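>>> Sequence first, then the predicted structure, then my questions.
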Amino acid sequence: MEIKKQKINTKVLVKVGILSAISFLLMIAEFPLWFAPGFLKMDLSEIPALLGAFALGPVAGILIEFMKNVLFIAIRGSNSMMVGEIANFMVGSIFVYISGIVYVKNKSRKNAIIGMILGTIAMTVFMSIANYYVMIPFYAKLYGMNLDSIVSMGTALNSNITDFKSLIAYSIVPFNLFKGAVVTLITVLLYKRVSPILHK
């Protein structure tokens, strides 16, 4: 019985490791969006974490988020004194944990979608608050910039952005909602295909 349990745990760790590596590769393959300032980059690294959360449980999803960021810092380094990576871990964990916990209560396609919608809303709220009070002010201080110069980056893309609050409303909020929607759609399309492999 103990040997069987150990084999199961080993299989789960191997799957988490593989998904973490894929998540890391997706994290470094970031790209800009047409409506977002240059400091906001889109990546799809939450997809493997969501797949892990659905197949292996919400805690596995958080572990994948953690390992992804550890790999990123170890291999690519951090240009934000790790604040960006910590924020990425926190927001990713919120997204995958809420999605996973809703799904495991009743494993259905509908519940998976509901979970990811709730996860998207939660991460959008979190990132809006975090960027307003911590992230963007920290970046501005780190690079010797004032907030007005950062706001102007948003204004160049959207004339509705006139101050720091509108930068959050018209840039951070739609960015996270868009990311959540894209990640949700791709995960829904992928999960049934990869689920048999993850459950082996």
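Structure's in. What do you need? Residues are numbered from 1 along each chain as shown.
>>> hey, where'd the strands end up in this structure?
Using DSSP state E, the strands of the chain run over residues 31-32, 41-42.
>>> Can I get stretch 78-86 as CSV, trimmed to CA atoms?
The C-alpha coordinates for stretch 78-86 follow below in CSV (Å, rounded to 0.1, in the frame of the first residue of the first chain):
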residue,chain,number,x,y,z
SER,A,78,14.6,39.3,-12.8
ASN,A,79,14.6,42.9,-13.8
SER,A,80,12.2,43.9,-11.1
MET,A,81,14.0,42.7,-8.0
MET,A,82,11.5,39.7,-8.1
VAL,A,83,8.5,41.8,-7.5
GLY,A,84,7.1,41.0,-10.9
GLU,A,85,7.6,37.3,-10.5
ILE,A,86,6.1,37.4,-7.0
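>>> With distance to L56 and mean neighbour count as added columns, please give the strands of the chain in TSV.
C-beta coordinates here come from the backbone N, C-alpha and C atoms, glycine included. Output for the strands of the chain, formatted as TSV (distance: least, Cβ to Cβ, whole Å; neighbours: other Cβ atoms under 10 Å):
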stretch	distance to L56	mean neighbour count
strand 31-32	28	10
strand 41-42	26	14
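>>> Which of these sits closest to S80?
With Cβ to Cβ as the criterion, S80 lies closest to strand 41-42 of these, at 12.3 Å.
>>> Quickly run through the sheet partners of the closest one, with directions.
strand 31-32 (antiparallel) (DSSP bridges).
>>> which outside residues touch the strand it pairs with?
Residues from elsewhere that reach strand 31-32 (Cβ atoms under 8 Å, 6 or more residues apart in numbering): G38, L40, K41, M42, D43.
>>> These: which two are farthest apart?
Once Cβ to Cβ is applied, those give G38 and D43 as the farthest pair, at 14.6 Å.
>>> Which residue of those two possesses the greater neighbour count?
D43 (17 against 10; other Cβ atoms under 10 Å).
>>> How about the backbone phi and psi for that one?
phi -140, psi 170 (degrees, to the nearest 10).
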